[in-house]
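S.K.: Please work out how this folds:
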Amino acid sequence: MAWSNKIMIYLDKAVNIIYLNLLWVAGVVLGLGFFGVFPATYALFHLQKEEAYKADYPSYLQIAKSFFTAYKKGFMKMNGLALIYGAILYVLWIDMQLVKQMAIGLAVLYYPLLFIMIYVLAAIVYTFPVAIHTEGTFKQKAKLVLALPLLMPVQSIFSLLFFLVLLAAAYKFSIILPLCFISIYIICIERFISGELMKKGAIKEEIIKENM
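M.R.: Take a look at the predicted model:
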């Protein structure tokens, strides 16, 4: 019966992935769209270290409770970061549109602006693991987030490419997007990035917490 128990565990984990995605969607809706994205993402990252989530047969009620507790806790802080990142990306996008109108500027400035935009997107990915798994002041964490795309270039490229692969899969098989797109990405990236951070030990004197 061992094999049947394993199958049941895997099926339960599959349902769990769908459930996490629905929680994320609920968090986004609760935040009226834009103001729900960062808090919901933060809560889903935070949930990865909760015992309620790690159990073989987790309590969905307890998972929801842990999710919305983290959502509420990080709502203001995460939305502050969302506004900062949003403003930076918007300015970069406007600059890129303006540069497109310039024949010389297109060659000279377009790709540097594109690189900066990609760099900011990579920093956004690191924002959530750093916020959850490291200790320090806001300034220390901000420095770490901004440095990680350079310190971990392979991981940064992988994280962004993995998102594009999932996005392409979601476009091809539209059922993936509402059922498991975000949850699969966050689960994989959380394990991948936090593992790499721990391999490096104390990065920039930040203390990487064990994922209890």
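S.K.: could you pull out the strands for this protein?
M.R.: 134-135, 207-208 (DSSP state E).
S.K.: which one of these has the lowest average pLDDT?
M.R.: Least confidently modelled of these is strand 207-208, at a mean of 44 by mean pLDDT.
S.K.: measure residue 166 to residue 159 for me?
M.R.: Residue 166 sits 11 Å away from residue 159, taking C-beta to C-beta, to the nearest Å as the criterion. All C-beta atoms are positioned from the backbone trio N, CA, C, and that covers glycine.
S.K.: Looking at these two, which is more packed in?
M.R.: residue 159 (21 against 18; other C-beta atoms under 10 Å).
S.K.: Now that one: closest residue in space, sequence neighbours ignored.
M.R.: Excluding the flanking residues, the one nearest residue 159 by C-beta to C-beta, 6 or more residues apart in numbering is residue 125, at 4.9 Å.
S.K.: cool, and residue 20?
M.R.: What sits nearest to residue 20 in space, not counting adjacent residues and going by C-beta to C-beta, 6+ apart, is residue 183, at 4.0 Å.
S.K.: give the contact list for that neighbour.
M.R.: 17, 18, 20, 21, 24, 44 (C-beta atoms under 8 Å, 6 or more residues apart in numbering).
S.K.: Restricted to helices, list the residues you listed.
M.R.: 17, 18, 20, 21, 24, 44 (DSSP state H).
S.K.: what separates the residue nearest to the spatial centre of the chain from residue 177, distance-wise?
M.R.: What sits nearest the mean C-alpha location of the chain, by C-alpha atoms, centre = their mean, is residue 125, with 4.8 Å. Going from residue 125 to residue 177 by C-beta to C-beta gives 19 Å.
S.K.: likewise residue 167?
M.R.: Counting by C-beta to C-beta, the gap from residue 167 to residue 177 is 9 Å.
S.K.: hmm, back to that, just confirm the residue nearest to the centre of the chain contacts residue 193, I think it does.
M.R.: Yes. Residue 125 lies in contact with residue 193 (C-beta atoms under 8 Å); the separation is 7.4 Å.
S.K.: Can you check which residues contact both of the two?
M.R.: residue 159.
S.K.: check contacts around residue 186.
M.R.: Applying C-beta under 8 Å, 6+ apart, the residues near residue 186 are 20, 24, 41, 44, 45, 48.
S.K.: lowest-confidence helix or strand of this structure?
M.R.: None of the helices or strands of the chain scores lower by mean pLDDT, DSSP states H and E than strand 207-208, at a mean of 44.
S.K.: isn't residue 74 right next to residue 39, touching?
M.R.: Yes. Contact status for residue 74 versus residue 39: in contact at 5.4 Å, counting by C-beta under 8 Å.
S.K.: okay, the two: which has more neighbours?
M.R.: residue 39 (25 against 22).
S.K.: What is the top helix by length along the chain packed up against?
M.R.: Counting residues, the longest helix found in the chain (DSSP H) is helix 60-100. Helices and strands touching helix 60-100, by 3 or more C-beta pairs under 8 Å, 6 or more residues apart in numbering; DSSP states H and E, are helix 2-30, helix 34-47, helix 51-54, helix 103-133.
S.K.: and the direction of it versus that of helix 103-133, what angle?
M.R.: Taking axes from the mean of the first three to the mean of the last three C-alpha atoms, to 10 degrees, one finds helix 60-100 and helix 103-133 inclined to each other by 160 degrees.
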